[in-house]
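K.L.:
predicted structure and sequence below. I'll ask about it afterward.
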Amino acid sequence: MFFTALKDGKDWGAGASGSPVVSGPYWFLSSKEPSQAKGLPPILVFAVEVAKWSDGTAAPMHQE
Amino acid sequence: MRAATRERMISITALVPVISICFLVPKAAAQSDKYSKMAPVDQYLMERNAEILLARSAAPDSISSAATILVLGRQGYETAVRGKNGFVCMVERSWMAAFDSPEFWNPKVRGAECLNRQAARSILPITDLRTRMVMAGHTKAEIVLALKAAFDNKQLPDLENGNMVYMM
């Protein structure tokens, strides 16, 4: 997982077909009330899916 | 660690709200008021050794074995093991989800993670403040206000480059 000041997950190909990268906002999921996040630094979280847990066992992968 | 598969499933379930990945939030959960308020504190706590083990499971042994380990106490996170390599492993709870996440108060959430040095400096202070306020009984609105004030007063650091967190 990576915490960034980016505004658009597309910059990292997040959510693109076949991409193991996903992204989401840190403070609020909804963009309906952006004023809620006013005063908080923008943080966009990226996660890169991996196929194994730390002990080597298979991890479930997200299916589109 | 293989015996901990069930714990891991809890962990991956927990990962969903913790990292606020929108597309993974189940629609049913998003429509639910099941976790509309904080549960009794005990439901968020874990047996100390189990929490240390789960925290370490977030990264390969080569990293987590020398990491600092934090565990949740009644006032916030406490250092259970002092590490040597700059990484900090811990088990996040539901209140590290986005503030409008339907899982924000879900007491079943356990999100094991290991933060690198940069994340420990810039993300962990946010986690620490949020957690101390939750454990002190503050509301979401109060926590948001406190976070804004803390950033405004430079009591919380700017986001560092190079920060990353293992959750595997």
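P.N.:
Noted; the coordinates are in hand.
K.L.:
all contacts plus neighbour counts: C-alpha atoms, from now on.
P.N.:
OK.
K.L.:
pLDDT of stretch B:71-80, averaged?
P.N.:
Per-residue pLDDT over stretch B:71-80 has a mean of 98.
K.L.:
who touches that stretch?
P.N.:
Contact with stretch B:71-80 is made by B:41, B:45-46, B:48, B:51-52, B:68-70, B:90-91, B:128, B:131-132, B:135-136, as judged by Cα atoms under 8 Å, 6 or more residues apart in numbering or on different chains.
K.L.:
neighbour-wise, give me the winner out of those.
P.N.:
When these are compared by neighbour count (other Cα atoms under 10 Å in any protein chain shown), B:M90 ends up highest, at 29 neighbours.
K.L.:
three-state assignment of the nearest residue to A:G9 once chain neighbours are set aside?
P.N.:
Distances taken as Cα to Cα, 6 or more residues apart in numbering or on different chains put A:S23 closest to A:G9, at 5.7 Å, once the chain neighbours are dropped. Local secondary structure at A:S23 is given as strand here, using DSSP: H, G, I helix; E, B strand; the rest coil.
K.L.:
isn't A:S23 up against A:G15?
P.N.:
Yes. Taking Cα atoms under 8 Å as the contact criterion, A:S23 and A:G15 are neighbours in contact, 7.3 Å apart.
K.L.:
mind checking pLDDT for residue 23?
P.N.:
Defaulting to chain A. 94.
K.L.:
meant chain B, my bad for not saying
P.N.:
Looking at B:F23, its pLDDT is 40.
K.L.:
next one: the one 3 residues further on
P.N.:
According to the model's per-residue confidence, B:P26 sits at a pLDDT of 45.
K.L.:
one step back: who has more neighbours out of A:S23 and A:G15?
P.N.:
More neighbours surround A:S23 than the other of A:S23 and A:G15, with 25 against 16 (other Cα under 10 Å).
K.L.:
surely B:M168 meets B:R56?
P.N.:
No. Taking Cα under 8 Å as the definition, B:M168 is not a contact partner of B:R56, at 10.0 Å.
K.L.:
more neighbours, those two?
P.N.:
In this view B:M168 and B:R56 are compared by other Cα under 10 Å, and B:R56 has more residues nearby, 28 against 24.
K.L.:
for the residue nearest the centre of chain B, list each beta-bridge partner.
P.N.:
Closest residue to the average C-alpha location of chain B: B:E92 at 2.0 Å, with Cα atoms, centre = their mean. Applying DSSP bridges to B:E92 gives these bridge partners: B:G111.
K.L.:
show me where the chain dips below the pLDDT cut-off.
P.N.:
Let's take chain A. In the prediction, chain A carries residues with pLDDT under 70 at positions A:31-34, A:62-64.
K.L.:
oops, wrong one, chain B.
P.N.:
Scanning chain B with the threshold set as pLDDT under 70 gives B:1-32.
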